[in-house]
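Participant: Provided below for reference: sequence and predicted model.
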Amino acid sequence: MGDVLIGQEVATLLLIEGLSGHFSWLWDNLSEALVIVAQNWMFIIIGVVAGMLIGTIPGMGGVVVLTILLPFTLGLDQFQAFTLLSAGVGATTFSGSITAILINTPGSASNAATLIDGYPLTQKGHSVTAITISSVSSATGAILAAVIFILALPLMINLVLLFGPGQIAWIILWALIIIPFIVADRPLYGVLTASLGAMVAFVGLAPQTAEPRYTLGQLILYDGVELVAMLIGLFAIAEIVRISSLDRNTIVDFEKIEMAGSVAEGVKAVIDNKWLWFKSSIIGLVVGAIPGAGGSAAAFIAYAQAAQSSKNPESFGKGSYEGILAPEAANDAKDGGQLFPTLGLGVPGSGTMAIFLGAMLMHGVFPGPSVLTQETHLVLVIAIALVLSNILTSIIGLLAAERLTAVLKVPIPLLLTAITVLALTAVFIVRGSAIDVLIAMLFAVVGVILIYLKISRVPFLIAFILASVLEHNYHLAMRFNSGSVMEAFFTGSVNIVLIVFFVVTLVLFFLPDRNPLDRFL
């Protein structure tokens, strides 16, 4: 017995010594990284300004911001360059929610989930509250993710490696099934519009055979339907048509709706839902750390779990505070999560991180596990710059929340002209094709039809974004497992856990209703 106790004491001492050494090493590197960031504070300011200006333009996201900033980093050293790029990414993530909330058009795909409840709150006169919830949950979600990233570098690499293409496919399939029922007033139509969105996502060359699918003989469609064109048409232009038909001069009818929201109310909403914020931030961190999952998946998965666990699920899609908090916390937390596969494995988690990866190669940094140990200072500088940019952007959002809502008082003809020009310009510059402008107008027609039929457009958007991710991971899983469905999706402890979770949540979702048809009609 004495030998066992001595052995336990020795093991405990070794564990404490190991943790002490880990945190000592971490603190030494962190303090040096803080000094480096302090010396390059001007690049954080520049990145935040660029990210906010570009990010608030409908259809512009982190990919566009980094593409614009990248050439300017060639004359900078590594620390200056990645301080600038990280700040641009952090600022863009929150900025895209502003247009989603105010004009029903997300700045990027990762902000798409925010418009589901953000814009209804604007229509109710609570836009200040909505922007405040977005800014606070974004900043705090990013801080939490960055702190966990810094403290858990070795552990998270092993965790990320547990999720392969098969596991990502299960998670995306779960989101695709659950969300149309949650966000649509009439789930049957939600399922139908989601199916249509998935079909549109399959336009282009088949990933396995390179055979054209639904391209109508147009070479421009071989690359698929451009996301920006779809977003602008289905939401921005369609919303412009709807607003133009209103019998008033401003977006919000100030004669009938009192602007009742406030910054204090938004902060209180985040505090009151602190556990939802924490869960959503962790979801964003974990999903962001899975290569290929992307920011859109993180936001929509967080939105789905928020609706499913809410005491008032019927309020989702109609102006729920939780419906903004969850996707925005996850959306900003995923930026920290995406650093794991991008820096540690050399596998970008999204299009934004793909450009970030290219920037690293341009500056002589070769991503992989060695980066976390040999380039620790640079890794920590990136994480710190990401946090500071989120904090600064959110402070600006809080201070300017009431001023930002002044756009709602701009006369409709003037506002819609400006939005139309910016939106269609954004569509054209992505690929330099007039066909994309025509595609945007086609989706605008679809959007207008759905609006006047009172059918939610959100399931279409969700399926369009997630279907291609699902297909990509399905084919990867099949390829890695020699074409065996059982090996790819039904073998292994992680797959089993995900399948059980999938089945249990579906059963719990339908169980409360005595008449299952009520879920559809």
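Facilitator: Alright, I've got the coordinates. Residues are numbered from 1 along each chain as shown.

Participant: and the helix or strand L34 falls within, what's its mean pLDDT?
Facilitator: Following DSSP states H and E, one finds L34 within helix 2-39. Helix 2-39 shows a mean pLDDT of 60.

Participant: Could you pull out the buried residues of the following helix or strand past it?
Facilitator: Following helix 2-39 in sequence order, the next helix or strand is helix 41-55 (DSSP H and E). Applying a neighbour-count criterion of 16 or more other Cβ atoms under 10 Å, one finds 43-44, 46-52, 54-55 buried in helix 41-55. Placement of C-beta: from N, CA and C, glycine included.

Participant: can those go into CSV with extra columns for pLDDT and distance to I301?
Facilitator: Formatted as CSV, those follow (pLDDT from 0 to 100; distance: Cβ to Cβ, whole Å):
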residue, pLDDT, distance to I301
F43, 90, 33
I44, 90, 30
I46, 90, 33
G47, 88, 28
V48, 88, 28
V49, 85, 31
A50, 82, 29
G51, 81, 24
M52, 80, 26
I54, 72, 26
G55, 71, 22
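
Participant: Tell me the one of those residues nearest G166?
Facilitator: Nearest to G166 among the buried residues of helix 41-55: G55, at 33.8 Å, using Cβ to Cβ.

Participant: hmm, back to that, make a markdown table out of the buried residues of helix 41-55 and add distance to S493.
Facilitator: As requested, those are exported to a markdown table (distance: Cβ to Cβ, whole Å):
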| residue | distance to S493 |
| --- | --- |
| F43 | 44 |
| I44 | 42 |
| I46 | 47 |
| G47 | 41 |
| V48 | 43 |
| V49 | 47 |
| A50 | 44 |
| G51 | 40 |
| M52 | 44 |
| I54 | 43 |
| G55 | 40 |
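
Participant: what's the closest of the residues you listed to I220?
Facilitator: For the buried residues of helix 41-55, the nearest to I220 is I54 (24.4 Å; Cβ to Cβ).

Participant: any idea where the strands of the chain begin and end?
Facilitator: Ranges of strands in the chain, per DSSP state E, are 204-205, 212-213.

Participant: so which of these comes closest to L378?
Facilitator: With Cβ to Cβ, the closest approach to L378 among the strands of the chain belongs to strand 204-205: 36.8 Å.

Participant: any chance of the strands of the chain in JSON lines, plus mean neighbour count?
Facilitator: What follows is the strands of the chain, written out as JSON lines (neighbours: other Cβ atoms under 10 Å):
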{"stretch": "strand 204-205", "mean neighbour count": "16"}
{"stretch": "strand 212-213", "mean neighbour count": "15"}
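
Participant: Nearest approach to L234 belongs to which of those?
Facilitator: L234 sits nearest to strand 204-205 of all the strands of the chain, at 17.9 Å, using Cβ to Cβ.

Participant: counting contacts, what elements does the closest one pack onto?
Facilitator: Packing partners of strand 204-205 (3 or more Cβ pairs under 8 Å, 6 or more residues apart in numbering; DSSP states H and E): strand 212-213.

Participant: picking that back up, got CSV for the strands of the chain, with distance to A418 and mean pLDDT too?
Facilitator: What follows is the strands of the chain, written out as CSV (distance: least, Cβ to Cβ, whole Å; pLDDT from 0 to 100):
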stretch, distance to A418, mean pLDDT
strand 204-205, 32, 82
strand 212-213, 37, 84
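
Participant: These into CSV, with extra columns for distance to F428?
Facilitator: As requested, the strands of the chain are exported to CSV (distance: least, Cβ to Cβ, whole Å):
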stretch, distance to F428
strand 204-205, 20
strand 212-213, 24
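
Participant: Kindly provide the distance from L216 to M230.
Facilitator: Using Cβ to Cβ, to the nearest Å, L216 is found at 16 Å from M230.

Participant: quick one, which of these two is more surrounded?
Facilitator: M230 (28 against 7; other Cβ atoms under 10 Å).

Participant: Counting neighbours, what do you get for the closest residue to the more buried one other than its chain neighbours?
Facilitator: In this structure, M230 finds its nearest non-sequential neighbour in F443, 5.3 Å apart by Cβ to Cβ, 6 or more residues apart in numbering. F443: 25 surrounding residues under other Cβ under 10 Å.

Participant: any idea how far N473 is from I178?
Facilitator: Distance, I178 to N473, by Cβ to Cβ: 18 Å.

Participant: ignore the last one, I36
Facilitator: Distance of I36 to N473, given as Cβ to Cβ: 37 Å.

Participant: and those two? which has more neighbours close in?
Facilitator: N473 (25 against 18).
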